[in-house]
Each structure stands twice: as C-alpha cells, then as structure tokens.
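Asker: Here is a sequence together with a model predicted from it:
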Amino acid sequence: TQINGIRVPPINALLDLVDWDEVNAKAIPAFLHGDMSPENIIYDTENNKFVLIDWRDRFGNDLYVGDVYYDLCKLDHAFLVNGEVVREQRYSVNLEGDAAEVEVHFRSNLLDARKALRSFCEKNELDFGHVRLLTALTLLNISSVHSDKKFNRFLFLYGKLLLAEVMDE
C-alpha cells in the first residue's frame with residue numbers, strides 16, 4: 001500500500017512495531033482533561049487566565065487521573081485535524097487500487113502552535129516523538145466512530161501514514 005507516494009506496511013504490521021511496554025512505561029499520571037484542543041480552551045479576560053471546558057468525565061475507569069501524554073497528543077491531533085477543517089470538509093481522501101492520497105488543510109497558526117508544543121515538550125523533558133506516536137494511534141482509534149465514512153477513511157489513512165513516519169524514525 002502507498003499513501004501519498006510513500007510505501008506503508010499493513011496496519012497490523014505497523015501496530016506490531018509499537019513498543020507497547022514503552023508506551024505504558026512513559027505514561028505520566030496526572031489530573032486529566034481528556035479532550036484537550038484549542039476549541040476547549042477559553043481565555044477569561046476578566047480574570048486574565050485560561051479556562052478549560054468540555055472535560056472528559058473519565059480516563060478508562062478513573063475519574064481524575066490519566067496520562068499527561070494523552071492530553072498532549074489530543075492537543076497535537078487538534079493542531080493537525082481541527083474542528084473547523086472537519087466541519088468545512090477541508091480534507092480529501094482518494095483511493096485508487098492499493099494507492100491512496102490524503103490531504104488536509106493546515107492552518108498556519110495551528111502549525112505554529114504545534115511548534116510551540118514541541119518546544120514545550122523539549123523544555124519540560126517530555127518526548128515529543130512519543131506525543132507524535134500517540135497522535136497517530138489516536139487518529140487510528142477514532143477512525144471508525146464518526147458517521148461520515150469518508151472522514152473515517154481519511155482519519156485511518158492519515159493516522160496510518162503518521163504512524164509509519166514515526167515508526168520509520
């Protein structure tokens with residue numbers, strides 16, 4: 001299979017390359033938002049602070065504690081595939097035989113925010129490569145939950161492409 005001209009292994013082979021013990025070992029337990037995205041961050045001008053909205057009610061079976069990397073990957077995911085792009089269908093997916101092309105409109109301010117996220121991770125000794133891995137896995141994980149089959153296909157192929165890139169490094 002090729003995605004955007006890049007040979008990508010089958011999904012099962014890619015998932016077999018993931019070091020799941022390392023994924024678990026890198027987890028950093030913390031109070032969790034669960035759906036971190038720019039659309040869930042509001043600036044309160046009266047109190048001069050940021051406020052998070054739309055909190056996830058649990059992480060697995062836990063009501064309060066999750067993995068810091070999960071919130072970071074959800075933020076990274078939203079920088080790459082944000083709500084506005086989804087609502088306006090500013091993405092495309094084309095299949096032809098065993099080749100696929102995926103495109104998504106990137107907003108320059110969100111790409112700048114992604115660079116800031118990378119810098120934040122580096123300054124705080126967090127592994128941005130791990131964030132990227134979890135971002136790819138998150139895209140794959142959510143690629144079957146939407147009613148729009150074209151969007152699901154896009155998420156699956158884009159997630160697969162990102163996972164192949166991370167695993168190739």
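Answerer: Done, it's in.
Asker: tell me the residue furthest from the middle of this protein?
Answerer: In the chain, the residue that sits farthest from the middle, by CA atoms, centre = their mean, is residue 46; the gap is 31.8 Å.
Asker: any idea whether that residue is helix, strand or coil?
Answerer: coil (DSSP: H, G, I helix; E, B strand; the rest coil).
Asker: Contact partners for it?
Answerer: Applying CB atoms under 8 Å, 6 or more residues apart in numbering to residue 46 gives no contacts. Heads up, the C-betas are built off the backbone N, CA and C, glycines and all.
Asker: can I assume residue 95 sits in a strand?
Answerer: Yes. Under three-state DSSP, residue 95 falls within a strand.
Asker: returning to what we had before: any figure for the gap between the residue farthest from the centre of the chain and residue 52?
Answerer: According to CB to CB, to the nearest Å, residue 46 stands 16 Å off from residue 52.
Asker: cool, and residue 149?
Answerer: 32 Å.
Asker: Compare neighbour counts for those two and give me the winner.
Answerer: With neighbours defined as other CB atoms under 10 Å, residue 149 and residue 52 compare such that residue 52 has more, 14 against 9.
Asker: can you pull out the helices in this protein?
Answerer: 11-17, 20-26, 68-80, 83-87, 108-123, 128-141, 149-168 (DSSP state H).
Asker: Report the inter-axis angle for the last one versus helix 68-80.
Answerer: Looking back up the chat, that one is helix 149-168. Using axes from the mean of the first three to the mean of the last three CA atoms, to 10 degrees, the direction of helix 149-168 lies 120 degrees away from that of helix 68-80.
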